[in-house]
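1. here is a sequence together with a model predicted from it:
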Amino acid sequence: MSDYKPYPAYKDSGVEWLGKVPDGWEVVPIKYLVIYIGSGKTPTGGGEAYQDRGILFLRSQNIFNDGLHLDDVVYISEEIDNTMGISRVLPGDVLLNITGASIGRTCLVPENIGRANVNQHVCIVRTINNGMGLWVSKFFQSNVIKEQVDYFQTGAGREGLNFQEISNFVISFPSVKEQLLICEFLDHETARIDALTSKKSRFIELLREKRQALITQAVTRGLDPNIKMKGSGVEWLGEVPEHWEIVPLKYNLKLVSDRATSREFAIALENIESWTGKFIQTNNDFEGHGVAFSNGDILFGKLRPYLAKVYLADSKGEAVGDFFVLRPTKKIYPRFAQYQILSEEFIKNIDGSTYGAKMPRVNWEFFGDMPFSTPDFSEQKIIAIFLDRETTRIDSLISKTQHSINLLKERRAALITAAVTGQIDVRNTA
C-alpha cells in the first residue's frame, strides 16, 4: 500500500486487532449501529419446497464479497414467503454467511432486490440507515473482521457464528461524508480487481474444458487423426478406430468385493474437486469393514460427494462403501482405464443413470454394462503417457493461474482493510 499516504494523526483504538485509527474516527461494537441481527430458516420440506420461480430464497452459495451470485438461486412460493416474514431482506441490509466453509463471506443487498428471504446459514445485519449499511458491508470484507471471526471460532470445535458474537464485532468509521468517499474509492478499485479475477477464472474454465476434451478425444478416437473409423454401435460414443474393441466395462474391470482381512486404512478424498483426488488415512475404527484395494486398482465414487471421482491407487488400502473397487484385467493398462472413465460422454451417461433423489448414486448393474472402447495394450499405454504429459501441462497452467487469482483476492482484502481502518488516506483519490 506504498502508493497511498497515511492520515496526518492517529489514536489508539483500544482494540488489539484494530490497532491505531485516524483521529476523529469512532470505534464501537456493531450492536450500537444496528436495529436487527437475525437469520432465516429452511422451508418445511427442504429442497422439495424450492421452485423455478417465485420469491427469491438466498442461501450461502449466493453470498459473495463482490455481491449476490444468482446463477443457481432458488425460489419459494407466496404461501411459504408469508410464513417467513422475519427472514425477509431489505435493500441496504448486510448479509453474512455464518456457517460452513464460506463463513464470513458477505455482501450488501442491492436496491432492486425485490422480495427475498434467507435461510438459517445467512445472517441479516440491518443497520440504523442504509448509508451505514454500505460502510458495514465494506468493513465486513476486511481482514479485521476475518480475525474476529477466527477468534470466535478458536477452540470452539465448530464452524459457525451466533448473533451475539456478530453483535460484538468491533468496527471503526469516520464521518458520513468520509465514509462515502472511501466506499467510492473501494468500489472503483475492487471492480478492477474483480474484473481481472473473473477473466482469470474464465481462463481456468476454458483450460478445464480443453483438458476434458483432450481426454475424451484420445480415449474414444485415439491419437492418429487419419485412422480408419467404424461405428461403435453406441449412440453417445459414435465412431471409434476400426481396430478397437467395444465391450462392457465389467469385462475389462472386475468388481472387487473382498473384505480387508487385516488393518489397512480407511480412505477419504482430500480434495473432491480434483479429478484424481488424493486419499488420506483417517482415524476411523474401520478395520475389516471395507473392501481391500491394491496398487493399480481403480476406485470410483458411486455416490455424492464422491460421485464420478476416479482414483488410481498407488498403494494398498481399505475402501469405504462410497466407492467401487475395480481391478483391471491383464489386457487393460490401469491409467488408460482411468482416463476412459473420465471421458466426457462416459461421465454424462453416469450422471444420467443415477437414482435416489436425496443421495444420487450409481448401481453396479448399470455401471458394469457401460460400453468400454479399448485398443490393444501397447496403444493404451501410449495414449495414457500422452495424456499424462498433456494434462500435467494444463494442470500446471491452471495452478499458476489460480495462484494469481489468490494473490488478487489477497490484495483486494488488504486494500479494503487498509481503507476502512484508516491505514491509508484515500479521500483525494476517489
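-> Received it, and whenever you're ready, just let me know what you need.

2. measure stretch 87-94 end to end?
-> Distance between the boundary residues of stretch 87-94 (C-alpha to C-alpha, to the nearest Å) amounts to 13 Å.

3. got the contact list for it?
-> Contacts of stretch 87-94 with the rest of the structure, by C-beta atoms under 8 Å, 6 or more residues apart in numbering, involve 38-41, 58, 81, 95, 106-113, 115-119, 124-127, 129-130, 133-134, 136-137, 140. Glycine gets a C-beta too; all of them are placed from N, C-alpha and C.

4. can you give me the helices in the stretch 51-200 of the chain?
-> 78-81, 130-139, 143-153, 163-167, 176-221 (DSSP state H, counting those that start in this stretch).

5. report all helices and strands that the third one contacts.
-> Contact analysis of helix 143-153 by 3 or more C-beta pairs under 8 Å, 6 or more residues apart in numbering; DSSP states H and E lists strand 170-173, helix 377-420 as its packing neighbours.

6. could you list the low-confidence segments of the stretch 101-250 of the chain?
-> Within the stretch 101-250 of the chain, the stretches with pLDDT under 70 are 154-159.

7. which strands border the helix or strand containing residue 372, and is each parallel or antiparallel?
-> Per DSSP states H and E, residue 372 falls inside strand 371-374. According to DSSP bridges, strand 371-374 forms sheet pairs with strand 245-248 (antiparallel).

8. next one: the strand it pairs with to chain centre, how far?
-> On the basis of C-alpha atoms, centre = their mean, to the nearest Å, strand 245-248 sits 36 Å off its chain's mean C-alpha point.

9. measure how the strand or helix carrying residue 345 sits relative to helix 176-221, angle-wise.
-> Per DSSP H and E: residue 345 is located in helix 344-353. Helix 344-353 and helix 176-221 are oriented at 110 degrees to each other (axes from the mean of the first three to the mean of the last three C-alpha atoms, to 10 degrees).

10. which other residues reach helix 344-353?
-> Defining contact as C-beta under 8 Å, 6+ apart, one finds that helix 344-353 is touched by 212-213, 215-216, 220, 236-237, 307-308, 340-341, 362, 366-367, 370.

11. got it, and stretch 34-53?
-> Residues from elsewhere that reach stretch 34-53 (C-beta under 8 Å, 6+ apart): 31, 57, 74-77, 80, 84, 86-87, 98, 117-128, 163, 166-167.

12. which one of the helices and strands packed on helix 143-153 is the most hemmed in?
-> Counting by mean count of other C-beta atoms under 10 Å, strand 170-173 has the highest mean neighbour count of the helices and strands packed on helix 143-153, with a mean of 22.

13. hey, what's residue 28 bridged with?
-> Bridge pairing for residue 28 - DSSP bridges - gives residue 171.

14. so which residues of the stretch 251-400 of the chain form helices?
-> 334-341, 344-353, 364-368, 377-420.

15. rank these by mean pLDDT and give me the bottom one.
-> When the helices of the stretch 251-400 of the chain are compared by mean pLDDT, helix 344-353 comes last with a mean of 76.

16. picking up where we left off before, ok, the contacts of helix 344-353 vs residue 246, which is closest?
-> residue 237 (7.5 Å; C-beta to C-beta).

17. looking at the helices of the stretch 251-400 of the chain, which is nearest to residue 228?
-> Using C-beta to C-beta, the nearest of these to residue 228 is helix 377-420, at 14.4 Å.

18. give me the nearest residue to residue 420, chain neighbours excluded.
-> In this structure, residue 420 finds its nearest non-sequential neighbour in residue 139, 4.8 Å apart by C-beta to C-beta, 6 or more residues apart in numbering.

19. from residue 372, how far off is the one you found?
-> 56 Å (C-beta to C-beta, to the nearest Å).

20. what number of residues lie near residue 60?
-> Residue 60 has 21 neighbouring residues, counting by other C-beta atoms under 10 Å.

21. that one contacts residue 104, correct?
-> No: applying C-beta atoms under 8 Å, one finds residue 60 not in contact with residue 104, separated by 10.7 Å.

22. where do the contact lists of those two overlap?
-> Counting by C-beta under 8 Å, 6+ apart, the common neighbours of residue 60 and residue 104 are residue 97.

23. the nearest residue to residue 252 once chain neighbours are set aside: how many residues sit nearby?
-> Leaving aside its chain neighbours, residue 252 sits nearest to residue 332 (4.8 Å; criterion: C-beta to C-beta, 6+ apart). A count of nearby residues for residue 332, using other C-beta under 10 Å, gives 22.

24. cool, the one 10 residues further on as well?
-> If you count neighbours by other C-beta under 10 Å, residue 342 ends up with 21.

25. picking up where we left off before, of the contacts of helix 344-353, which pair is most distant in space?
-> So, these by C-beta to C-beta: farthest apart are 213 and 366, at 25.1 Å.

26. who has more neighbours, these two?
-> residue 366 (15 against 12).

27. take the contacts of stretch 34-53 and keep only those in strands.
-> Here DSSP state E is the test, and these give 57, 74, 75, 76, 117, 118, 122, 123, 124, 125, 126, 127 as lying in strands.

28. reformat those residues as JSON lines; add distance to residue 178 and neighbour count.
-> Below are the ones in strands among the contacts of stretch 34-53 laid out as JSON lines (distance: C-beta to C-beta, whole Å; neighbours: other C-beta atoms under 10 Å):
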{"residue": "57", "distance to residue 178": "37", "neighbour count": "25"}
{"residue": "74", "distance to residue 178": "39", "neighbour count": "21"}
{"residue": "75", "distance to residue 178": "40", "neighbour count": "17"}
{"residue": "76", "distance to residue 178": "40", "neighbour count": "21"}
{"residue": "117", "distance to residue 178": "34", "neighbour count": "24"}
{"residue": "118", "distance to residue 178": "31", "neighbour count": "28"}
{"residue": "122", "distance to residue 178": "30", "neighbour count": "25"}
{"residue": "123", "distance to residue 178": "27", "neighbour count": "23"}
{"residue": "124", "distance to residue 178": "26", "neighbour count": "24"}
{"residue": "125", "distance to residue 178": "21", "neighbour count": "24"}
{"residue": "126", "distance to residue 178": "23", "neighbour count": "20"}
{"residue": "127", "distance to residue 178": "17", "neighbour count": "20"}
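
29. now, which of these sits nearest residue 253?
-> Among these, and counting by C-beta to C-beta, the member closest to residue 253 is residue 74, at 38.2 Å.

30. I figured the closest one hits residue 57, correct?
-> Yes: Residue 74 is within contact range of residue 57, at 5.2 Å (criterion: C-beta under 8 Å).

31. which residues touch the strand holding residue 372?
-> 219-220, 232, 234, 237, 240, 244-249, 251-253, 331-332, 336, 340, 380.

32. buried ones among these?
-> For these, a neighbour count by 16 or more other C-beta atoms under 10 Å gives the buried set as 219-220, 232, 237, 240, 244, 249, 252-253, 332, 336, 340, 380.
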